[in-house]
Structures are given as C-alpha cells and as structure tokens.
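Peer 1: Here you go, sequence then predicted model.
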Amino acid sequence: MPRAFAEATGRMRRRDFIALAGGAAASIVPAHAQSLPVIGYLGGESPQRYGSRLKAFRQGLGTAGYVEGSTVAIEFRWADGQYNRLPALAKELADRQVSVIVAPGGAEVAFAAKSATTTIPIVFEMGGDPVALGLVSSLSRPGGNLTGVSSLSVEVSRKRLEFMREVRPSANTFAVAVNPTSPTSSNQLKNIQVAAEALGVELIVLKASTEQEFDSIFTAVNQSRAGGLVFTSDPYFAFRSQQLAGLAARHAVPAITQSRDFPLAGGLMSYGGDFDQSHRHTGLYAGRILKGEKPSDLPVQRVTKVELFINQKAADTLGLSFPPSLLASADKVLE
Amino acid sequence: MANPPVAARPVAPRPVAPRPVAPRRSLFTKYFCALFAAVVAPLLIAGGSEAWFGFHDQRARLNDLLDAEARLAALKIHDFIEGIREQLAWTVQFPLSENTGDRHRLDALSLLRQAPAVISLSLVDAAGKERLFVSRIGLNRVGSNEDHSAMPAVLGARSDGIWFGPVTFQYGSEPFMTIAIAGNRSTVGVAVAEVNLKFIWEEISGIKVGRTGEAFVLDQPGRLVAHPDISLVLRADETANQPLRALRDAILLTGPGQAATGQDLAGQTVLAAMAQIPGMDWSVIVKQSLAEAYRPIYVALWRTAALLVAGAVIAAMLAYWLTQRMVGPIRVLEDGVARIGAGQFDHRINLATGDEFERLATRFNAMADELSVSQERSERISRLKRFLAPQVAELVDRIGDDRVLDGRRVEVVVVFCDLRGFTAFSTGAESESILGVLREYYDALERAVSAHEATLINFAGDGAMVLLNAPVPCSDPALRAIRMAIDMQTNVQELLTGWRVLDPRLGFGVGLAMGPATVGQIGSEGRLDYTAIGSVVNLASRLCDNAEDAEILVDRVAAAEAGSSMTLVELRARALKGFDRPVPVFTPMARSSVASGPPQPADAETSNRPAMF
C-alpha cells in the first residue's frame, strides 16, 4: 500500500498537487470559525427573561464592531433564577478560557464571575455601587480584571418611596419588599429607612427571595393596610416584573419597582436605571476588551439616566390619581 | 589609344583606420542629457510646485476646517449650557414665596425631566434660604430654609447673573459642575443646578473630522471634561491627560484661529485647532491625525511621483530615440568618411533619413566619386610618368589629363634642332665637358620650349624634337614654332660663343615643318613615347639636317601659316633626301638678331623676297 501511494504521488503532477493543497486550504475555513473570540455570557435567569437586555447588549457589541456569529462567538450560561448556581456556571466559562466574561444582571452575577477567575476580563452590569460592594477599588481605576456598568437603580430606591408617598399622600405606612439574599439589600433598606424618617412615614419590611414568597408579600400589604408597596432594586424582582404586575393587579396593591417592565405589564409605577442603556454599554465594553483594551483601564460607567414610568390605567383601576408633580416628572405616562 | 589597363584597375583600399577613441563627452550623452533634462526638469518643477502648493493649500484648508469644527463644537457646548441656563432662568422668573412654592416645584420637576443633565436643582430665595430642592437621586425637600447665602454659587450668581462652578469629579470619576443663575430682580432667588457633564458626550461625539478626527473639551486647569471616548473622562487622570494640555498650550502659542501640531493620547501626531466656549473658560479642541489629514496630499504626491517616473521613462525613451536618430546617421557618416578616407572610394554612405544627414551623405558620396575619378587619373598619370619622356609626362601632369596623349591625326608643327660638329667635339673632348655642354644646351632649349608652350618630345644626343599643337593644341602653332626657333637660336648662339673656345666647329641649326601627322603614344610594355609620325616629321628632320649653323629652315606650309605675322625670306629650294623635288625653304628675317628685337629683314646676301603666300 505505501508503494502504491508512492507511485500515485510520483505520477501526480504539480497542478494536481496545487489542487490538493487548495482543497486542504478550503477545509481550514470551519476551523477558522472556531477561532473567533468567545464571549462568555453569564445570565442569572433564562434567555427569555434576558431578551430585551440581550438585544441591547448585542447593539453595544455592534457599536464596537462585533457581530455574533461572524466576528465573535458568544457562549451562554443561564442560571434560570437559581443564583446559587452562578459560581459553578462562571467557573465553566472560566475553564472554557473565553476571551471575556460578561456578567450582567446584578451584583450576584458579578460576584460569581469574580470568584471564577482573576485573569479573564469581566464586564459586569449591576445596579449598586461596585466600590461599596468591594467589586472594584475605584470607579475611575477599577484595577484587576473587572470593569463594567453600574446603574443608579439601587441608589434611587428611596425615591420610589417618595413617589409612592406622592400617590398616596394620606397614607402613613408603606411596605418595602426586600430580597434578603441580595448583596445590596441591607444597604438599600438603610437608605429607605432614612428616607422614611425624612418623609415621616412608617415602613413595613417584607422579605422575598423566591417566586413562591411573592404572593404572601402582596397579601401582607393588604393586611397591614399599607399605602403602597415599594420594591427595592433587585434583579430577581426586576426579571419578574410581569409576575409582580399580575400579583399587584390581583391584590389591587399600588406598587413601584425599579424596572419599566413593571408598569408596561400593568403595574403602577417604576423608577430606576435604563436597562437598555446599561446593557448597551456592557456590550460596548465587552467589544473594547475584545479589541485589546485592559479592563483596568476602563472606568466603571455609571448610567445616570433614571426613568420614571407611570401607568395611568393601573392608577384608574386602583382608584388613584397621579398628582401634577408626578405627571411633570414622569418620563413616560402609559395610558 | 585607350587608357592603360592599370588605370582601370580598382585601387587597392588601405585598411580603414580603427575608430578613434570615444570622445570625452559624446554627442549621444550630451543630447540625451539635454533632451532628458528638457522633459524631466519641467515635470520635476511642476510636480514639486504641485506638491508644495498642494501641501500648503491642504494645510490652510485643514486649518480652516479644524477651526470651523472647533467653533462649531464650542457653539454646540455653548448651546448645551445655554439650554440649561434658559431652563434655570425659567425657574427664577417669579419671586419665591410661600404660596408659589408648589408652582416652583412643578417647574423644577419639569426642568429635571427636560434637562437630563441636571441631576439636582435647588432654589434659593432672596434671603439666601433654600426653598426647594429637587433631585433625581436624593429626596426632594420643600422649604428646608437652609442658609445658602454664603455659598459661592449663590454669591457668584448674585453678582454676575450667572455662575459656573469648577468641574468636580464625583466618586473621582464623573465630571459635574454647578451652574447658578440669579433672577432679573433682587427679590427673585437663585437657581443652583448640579449638572452631569457626561451629557456633553452627545455633543462632542457627534463631531467628526474626516475618519478619525475628533473633538474634546478641557476646562481651565486642563482637566478633560468631554471626550468621544467617555472612559478617558471617567478615568479623571490628570497625568494621563498631560499630552492634551500640551496640545492646548501648543495651539495657544500659534495664535487664534491657527492650528498647531502636537501629540494626542495615542502618541499620534495630530493637527489641532481650538475654540473657547463663549462665557466659559473651557477650550474645545478639534484634532485630526496628520497622517490622515495629509493622506490626500500623500496620494497626490505619490501620483505625481508616479507621473514623474512615467514621464522620466518616456523622456528617457524619447531622448534615446531622438539622440539615436541623430547619432546613428553621424556614426554611419563617420564610418563612411573613415572608409573613404582610407581609400575605399567605391564605398557609399547609405542614409535615407530625408533630412540634412541624407544631404550630407549625398555630398560625401559625390565627394567620394570625385576623389575616385581624380585618384584614378593621378594613378594613371603617375604610371604614364614612368614610361613617358619626363617632359611629356610633365606636360600631361600639368594639364592633368592624359587623354591629350591619345592617338589622333592632327596638324602639327615639328621642330628639329641639333648641334653642328658635336660628334667631332664629343670624340675629342672630355666627357665632363661634353656633359656640361649638353646640360647647358638642354637647359637653353627647354627654356625656349616652355616659353612657347611647345612640347619637347625627346632629346637624342645633341638633337631634340619639339612638337607644337600636339599633344596640346595651341593657336598659331607655326608662328609660335618660328619664334621658338628664333629663341632657341638666340639662346644656343649665346652658348656657342663660349663653347667655340672648346671647339670652333660647333654650331646649331633648326628645321621646322608643318603638316598633318599621327600623334600619340607608342611604345612597348617597358617604354612609352609620345611622338608624331608622318612626312612632316621627316621634312622637319631633313630641314634641320640641311640648316647651317645659326640657320632656321621653315617649310613652305609653316611659312605660309606664319607669313601674315612675320616676315619670312624664301631661300633657294633644297633637294632633300626622300623628297623627289627640291623643297622650298624659308627662314625668318634677321634670324641672327637678338630674340628681344622684332624680326629684322633678311640681309642682302640672301634673297630678300618676302614670303608672300
């Protein structure tokens, strides 16, 4: 058989050889596709819940010049709401030696990514103050392998109480929904309590860290005759805006959350950072890191836009009316 | 008689001289250089000036462009600030009082909605008390009555109407600025707004010069306030932004409206222009990478260079072609002339250039023809010289044409002369004196012969034969012959007076006759003679023999010919050997007189009957 091969090659002309070499080159192409830079995308929820965020993320990536599938590949890991699974998923991505890990959707995701690697660049997206949380050493010079985008959602949770009070000026008691598993919960709670004192209202703190506990929160609000329910900023809540809106309507509880998805799904109000903007910036940063910039050179960006969405229909259903100050402040009044 | 065959033989050419060493500066080099320079120099000048002016124009255009963009950027930022100022002015239109508080609150809330850059706003009344505070992040306050009268913002706004605070970086990252504005009347309060300067990004990132050119804003101390790459602003790193401050300083040095070159943060060399934002001490700087800015020039330069190279190549080819056209024929001419000079007269210079060269070649060819003919002739003559009597050969040489020697029948005058008693003298005298006598004798004869354009056919001992009208025709040959004979007599008689000391019997006689004779060259391979053949020769010879010393005997034909111009005396007819009847004989008068004088009448002893024919 080797002899036959030798004879065959001996007979081979140069042209044949070139044709063969060309064929070999063509066969490399799929291998090239595998050599695209890979983004490891760590999601705390399911792709469905992340839909609008992913869209904004891909937009930002596009601004940096990357298109999924042709110039960059994205490896997804979804925790489907079980945030305790995040560290393991982050580890998987780190072991895959992806070019960059994108950890959007809250401090839990960012911490999971941070714990997985100290070398692979990480771009986070979250609501709290990353310095206070110990994620980075400073906003301007994050240091290490982390940078990202922080929205003002956590900082403005006290404003939600203020807005709720404007809707229910006669009420003295308000309920606050807190996810105790969230790294920012204690900070937010403190913040809101200070605000409550300033506003001269009582607070009832209700805790929920699973979907099963949601219903009892609304029941508790009604039982305590609180003027309204204020949700602290928390991705677990934010990603379940539709569910919360449904519960709020069912229990006829005036509520305010951080996400615009809530009033869009029939909830009363929302006040918080613009997800589109923060996820777009995340995509842009991921792109810049792919291009070779170091995360330590990229300052943590704060998305300064905070938006107030109010739902007139929900107010009507609840028998409430928005005061002029709210109407004047609202970025969007849903009719 | 035909030309000797030797003359027809082609001349054996000498070898052509080797081409002379190449000239120090050949015509080819000179013309090539000149033509090349004539084409390339204008190209170079045109290309160079195009590059120079293009560069300057582009620099000026860039300067204007960057200046305009900087002004535009300054205007945009000014508009941004102005927008906030106008919004703020609205909130301090009416005095703050207890009852109008709610209205102010709504105004303030709508301001926050309409001016996203404003993070918080506080309204301070005329007394300096804070009446209202609204914020996007913090809680709103109504009627807190905090004393803000000593705040720099409030004081500044009260004195100047508007006050811009220094740029501060919140959390060491985000640029903020306080803007305070006072109402028109003193009763109206002051609005103090906290502005997030990140929002200028939208204005500044919209400014693009070319592909990579961009704008940025520095505040008075040189901190980066706005940049298309927001992360540079958020980094709030004054040390890292040092190049940008250096760039600003460079522009300040060049003067207003002028762009300056410097380095940007990436270390690229950039061209940058600056504009101040009206009413603020911020500078907007617009920069563009020099490499990009000058790319059109570089492209133009490359194009020019390519054209230059192409032009130079064409010029070189043209110059080569032209000089080749010039030098080629010159080489052919040179070669031809060298061959002709070497004796190859049959060589023809073939040039069909249709110009002066062809004419010159034709001239050279004609010259070669002429040379060939004259060479042929001189060859022939030199050959003739070897065979002919030197005198005849000399004659032919003088005339330059040996055709005179061709055989023909012609009317000639034949003159014979010889010394009397020479044989006797020669036997008795010493050879030295014999030769001396002959030398003088020949000399005397030759003088006379050449004086009368006669041809000395030969010397034979003491005798000589002279021919007139052949080979060279002449007028009045008879008269000439007689005069020559007289001169001969005169010359020789003079000599004879001396010679008679040696031998008293010596004398000299001349005889001449005229008549048709066949003349031409006769001879063998080794010897050629020109001579005349005919009875007239015999007659002349007999007459010579018959002549006494100092006597000239002329035949009847010659006498008749010369008779009109010269007086001849008929002597008694002589019986001559070979002639049946006595031959009438004439002699010029006063033949014994000196040649200088005119012919004298015959003396009494002889018949003085003039020849009358």
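Peer 2: Done, it's in.

Peer 1: Any residues of chain A in contact with chain B? List them.
Peer 2: A:131, A:138-141, A:152, A:155-156, A:158-159, A:162, A:195, A:198-199, A:297-302, A:304-306, A:324-325, A:328-331 (Cβ under 8 Å from any Cβ of the partner chain). Backbone N, C-alpha and C define where each C-beta goes, glycine included.

Peer 1: Show me which of these are buried.
Peer 2: Neighbour counting with 16 or more other Cβ atoms under 10 Å in any protein chain shown marks A:131, A:138-141, A:152, A:155-156, A:158-159, A:162, A:195, A:199, A:297-302, A:304-306, A:325, A:328-331 as buried within the residues of chain A next to chain B.

Peer 1: Take the residues you listed and keep only those in strands.
Peer 2: A:301, A:302, A:306 (DSSP state E).

Peer 1: Read off the pLDDT value for residue A:114.
Peer 2: Here the pLDDT value assigned to residue A:114 is 93.

Peer 1: typed the wrong thing, it's residue B:503
Peer 2: The model's pLDDT for residue B:503 equals 83.

Peer 1: In this structure it contacts residue B:426, no?
Peer 2: No - Residue B:503 is beyond contact range of residue B:426, at 9.3 Å (criterion: Cβ atoms under 8 Å).

Peer 1: Quick check: which ranges of the chain have low pLDDT?
Peer 2: Answering for chain A, as no chain was given. A:1-34 (pLDDT under 70).

Peer 1: my bad, the chain I had in mind was chain B
Peer 2: For chain B (pLDDT under 70), the answer is B:1-24, B:96-101, B:186, B:383-392, B:400, B:402, B:525-526, B:590-613.

Peer 1: Walk me through the domains of it.
Peer 2: Structural domains assigned to chain B are B:53-293, B:388-588, following automatic domain parsing.

Peer 1: and these as a markdown table, adding mean neighbour count?
Peer 2: Compiled in a markdown table, these are given as follows (neighbours: other Cβ atoms under 10 Å in any protein chain shown):
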| stretch | mean neighbour count |
| --- | --- |
| domain B:53-293 | 19 |
| domain B:388-588 | 19 |
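
Peer 1: could you dump these to JSON lines with distance to residue A:314?
Peer 2: JSON lines is the format used below for these (distance: least, Cβ to Cβ, whole Å):
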{"stretch": "domain B:53-293", "distance to residue A:314": "20"}
{"stretch": "domain B:388-588", "distance to residue A:314": "142"}
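
Peer 1: Out of those, flag the one nearest chain A.
Peer 2: For the domains of chain B, proximity to chain A was assessed by Cβ to the nearest Cβ; domain B:53-293 is nearest, at 3.6 Å.

Peer 1: Do that closest one and chain A come into contact?
Peer 2: Yes - Domain B:53-293 comes into contact with chain A (Cβ under 8 Å from any Cβ), by way of B:105-106, B:109-110, B:112-113, B:116, B:119, B:136-140, B:169, B:171-174, B:196, B:198-199, B:230-231, B:234-237.

Peer 1: Strands - which of these land there?
Peer 2: B:119, B:169, B:174, B:196.

Peer 1: Quick check, central residue of chain A?
Peer 2: Nearest to the mean C-alpha position of chain A, by Cα atoms, centre = their mean, lies residue A:105 at 2.3 Å.
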